[in-house]
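Visitor: let's see this in three dimensions:
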Amino acid sequence: MSYEVKLQDFEGPLDLLLHLIQKNEVDIYDIPIAQITDQYLDHLMRMQELNLELAGEFLLMAATLIYIKSKMLLPQPPSPEEEATPEDPRQGLVERLVEYKKYKEAALLLERKEDEFRLQLTSQPQAIPEGPEVLDPEANLFRLLSVFYDLLRKTDQEPPFLINREELDIRQSMVEILDRIAEKESLTLRALLGKGRSRLQMIVTFLGLLELIRGGILKVRQYQNFGEIRIYRSG
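Guide: Okay, the predicted model is just below:
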């Protein structure tokens, strides 16, 4: 497919790293660099398979991770003159991640305050349903990709069958997605991609979904870590 979705319109390389750290439940100050590097490169490879256009920042971060990984794997020569603990090669990256995480959390807090203020001006008071506190329901691109990869993997494991030539169009898939979401208040990502779809159909539908999210027509939410991702109409 020649169709491309520009990844930088959604997230950046630091967002991907934070996603991997959260997914692996590791300490941001003690990143298992070999594991995270391998997963980061795997994500880049899969995104290129989906024809997602990678910004140069993603490739630069990949080179940085490989460099840090190589420095940590190589034995450090003894230094009798310096008894101090050698500098951690991850330190610079950790500082960037921590600073970026602070800005993201601050931006999210301001966005919530704006939403609360808008509701106070335009809506009547409503009872707040009881339940667990939702800290960050916004499902970012990499959460979407993780679920999508799992669904593709299951499709690849299914027994082979006769394949007919398919003529699929991204814009037509966008229309179909909007038709389906119009019938319900929300739709899960798994239900959208659904069983019985071919690998190509799943890819085209997913790219159509990304375009609708980028255009602000749809939004996605995930109310629990690793829970179902739900798709809503914006507004």
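
Visitor: with adjacent residues omitted, what lies nearest to the spatially most central residue of the chain?
Guide: What sits nearest the mean C-alpha location of the chain, by Cα atoms, centre = their mean, is Phe142, with 1.1 Å. Closest residue to Phe142 apart from its sequence neighbours, by Cβ to Cβ, 6 or more residues apart in numbering: His19 at 4.0 Å. Bear in mind the C-beta positions are built from the backbone N, C-alpha and C, glycine included.

Visitor: secondary structure element holding that neighbour?
Guide: In this assignment (DSSP states H and E), His19 forms part of helix 13-24.

Visitor: what packs against that helix?
Guide: Contact analysis of helix 13-24 by 3 or more Cβ pairs under 8 Å, 6 or more residues apart in numbering; DSSP states H and E lists helix 33-49, helix 56-73, helix 91-122, helix 141-157 as its packing neighbours.

Visitor: could you dump that helix to CSV, C-alpha only?
Guide: Below are the C-alpha coordinates for helix 13-24, written out as CSV (Å, rounded to 0.1, in the frame of the first residue of the first chain):
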residue,chain,number,x,y,z
PRO,A,13,9.8,8.5,20.5
LEU,A,14,9.7,9.5,24.2
ASP,A,15,6.0,8.6,24.3
LEU,A,16,6.9,5.1,22.9
LEU,A,17,9.6,4.7,25.6
LEU,A,18,7.2,5.7,28.4
HIS,A,19,4.7,3.3,27.0
LEU,A,20,7.2,0.4,27.1
ILE,A,21,8.3,1.3,30.6
GLN,A,22,4.7,1.3,31.8
LYS,A,23,3.9,-1.9,29.9
ASN,A,24,6.9,-3.8,31.4
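
Visitor: quick check: angle from that helix to helix 91-122?
Guide: 90 degrees (axes from the mean of the first three to the mean of the last three Cα atoms, to 10 degrees).

Visitor: what about helix 13-24, average pLDDT?
Guide: On average, the pLDDT along helix 13-24 is 88.

Visitor: low-confidence ranges in this protein?
Guide: 1-10, 51, 53, 55, 76-86, 115-140, 155-168, 195-196, 225-226, 235 (pLDDT under 70).

Visitor: return the backbone torsion pair for Arg180.
Guide: phi -70, psi -40 (degrees, to the nearest 10).

Visitor: now it: closest residue in space that isn't a chain neighbour?
Guide: Per Cβ to Cβ, 6+ apart, closest to Arg180 is Leu187, 6.1 Å.

Visitor: tell me what that neighbour is bridged to.
Guide: Ile231 (DSSP bridges).

Visitor: I'd guessed it sits against Glu228; true?
Guide: No - contact status for Leu187 versus Glu228: not in contact, 10.3 Å apart, counting by Cβ atoms under 8 Å.

Visitor: quick one, which of these two is more surrounded?
Guide: Neighbour count, other Cβ atoms under 10 Å: between Leu187 and Glu228, Leu187 has more, with 18 against 15.

Visitor: where's that one relative to Val220, distance?
Guide: For Leu187, the distance to Val220 (Cβ to Cβ, to the nearest Å) stands at 10 Å.

Visitor: now list whatever residues contact both of these two.
Guide: 230-231 (Cβ atoms under 8 Å, 6 or more residues apart in numbering).

Visitor: how about JSON lines for the helices and strands packed on helix 13-24, with distance to Leu207 added?
Guide: Shown next, in JSON lines, are the helices and strands packed on helix 13-24 (distance: least, Cβ to Cβ, whole Å):
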{"stretch": "helix 33-49", "distance to Leu207": "11"}
{"stretch": "helix 56-73", "distance to Leu207": "18"}
{"stretch": "helix 91-122", "distance to Leu207": "25"}
{"stretch": "helix 141-157", "distance to Leu207": "10"}
